[in-house]
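In: below are the sequence and a predicted model for it; my questions follow.
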Amino acid sequence: MRSFHLTLFLSILFFSCKKKSEPVDPPAQDSATYFPPAGNTEWQTSSATSLGWNETELNNVYTYLQQKGTKAFIILKNGKIVTERYFGTFTADSNWYWASAGKTMTAMLVGVAQKEGLLNINNKTSDYLGTGWTSLPLAKENLITVRHQLTMTTGLDDAVTPDNDCTSPSCLVYKADAGTRWAYHNAPYTILDKVVENASGTTYNNYFQQKVRDKIGMNGLWLKTGYNNVYYSSARSMARFGLLLLNKGKWDQTAILNDSNYFNAQINTSQNLNLSYGYLTWLNGKASYMLPSLQIVFSGMLVPNAPADMYSALGKNDQKIYDVPSQNLVVIRMGESAGDSKLALSSFDNELWGKLKAVIGY
């Protein structure tokens, strides 16, 4: 494990040394953005040729993706499908897990619950779970708010057990005061599901289906896998959520997350420890970043080859939702690990965007 982390460290260090571009403010979304209707398979398309993209380089991307264990790959431009490719036996009807890319959906759903007055992210988590949800002394437990869960700053020890997914109180022990330490820790994130359930009075699946999934025409389901709650869906459903995220929580004329302040907080730096992390959302274009499992601050952009305004939902084994407001782009990748990491971030992100840069020419 130590050798793996060293390899990842050196790989990321190499990327961080590349020249970075300056962040740009995301423009307002194009009023002509297309939204596929719910309830059928209709989805308008655009051709790479009509967009002036390099089709030779795009074919090279397909070859690269196939070599990297990809199952599904979709690019949306202005909401329309420019490319949609499936590999092996995977099809448009196949479902796959999102892994930690689902965290970004959870962050949006927490925002919906707050807008409805069901919870307040500035309240302590024990307001929704009761005291004793951790093994901390009460005074320390009461420092932890829902916002700390959204920002990975609960201060709970992410290395206290062999399984940092464990959500039992005995596994949730003190490491630092809430808000003083950033650590990519699944357990406090997963407990957000129970926060939403207790606040809404219904199951997490039901609340998500009512407020997000059915309104934008997704398929899929949250399924328990050990301690984790993992979303499974088709690649097109992942693309639908990516489009919702790109359009700031609005689906065509329907507001799914009708709270611009919350959404803007989700896609901007949420704390001063890891500048490249919003509310369960990864941010490009910042001056520094931290990585899962490491307590090291790296200089430079998270993905140097990608546009600086990109924000992303990233999951284990390279499940990816990339949103680029300046290009009105959504890029989806589902599949097996691309090879060098099982974490949410890997060198695959930068390699892929190096190839996409040659296609799109941004």
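Out: Okay, I see it. Numbering: from 1, shown residues only.
In: at which residues are the helices of the stretch 251-362 of the chain located?
Out: Applying DSSP state H, counting those that start in this stretch to the stretch 251-362 of the chain gives helices spanning 260-266, 347-360.
In: identify each buried residue in the longest one, please.
Out: Residues S347, F348, D349, N350, E351, L352, W353, K355, L356, A358, V359, I360 are the ones in helix 347-360 that count as buried (16 or more other C-beta atoms under 10 Å). All C-beta atoms are positioned from the backbone trio N, CA, C, and that covers glycine.
In: possible to save the helices of the stretch 251-362 of the chain as a markdown table with distance to I321?
Out: Output for the helices of the stretch 251-362 of the chain, formatted as a markdown table (distance: least, C-beta to C-beta, whole Å):
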| stretch | distance to I321 |
| --- | --- |
| helix 260-266 | 13 |
| helix 347-360 | 12 |
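In: among these, which is nearest L118?
Out: helix 260-266 (13.3 Å; C-beta to C-beta).
In: same for the closest one, what does it pack against?
Out: Judged by 3 or more C-beta pairs under 8 Å, 6 or more residues apart in numbering; DSSP states H and E, the packing partners of helix 260-266 are helix 102-115.
In: so for the helix it packs on, what's the average pLDDT?
Out: This predicted structure assigns helix 102-115 an average pLDDT of 98.
In: gap between it and the chain center?
Out: Remark: helix 102-115 is offset 12 Å from the chain centroid, using C-alpha atoms, centre = their mean, to the nearest Å.
In: which residues touch whichever helix or strand comes after that helix?
Out: Proceeding C-terminally, helix 102-115 gives way to helix 126-129 as the next helix or strand, assigned by DSSP states H and E. Residues outside helix 126-129 that contact it (C-beta atoms under 8 Å, 6 or more residues apart in numbering) are L119, W133, E141, N142, I144, V146, I191, K194, V195, N198, A199.
In: can you add pLDDT, neighbour count and secondary structure and give those residues back as TSV?
Out: Conversion of these to TSV gives the following (pLDDT from 0 to 100; neighbours: other C-beta atoms under 10 Å; DSSP: H, G, I helix; E, B strand; the rest coil):
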residue	pLDDT	neighbour count	secondary structure
L119	98	21	coil
W133	98	20	coil
E141	98	23	helix
N142	98	15	coil
I144	98	26	coil
V146	98	24	helix
I191	98	24	coil
K194	98	16	helix
V195	98	24	helix
N198	98	15	helix
A199	98	21	helix
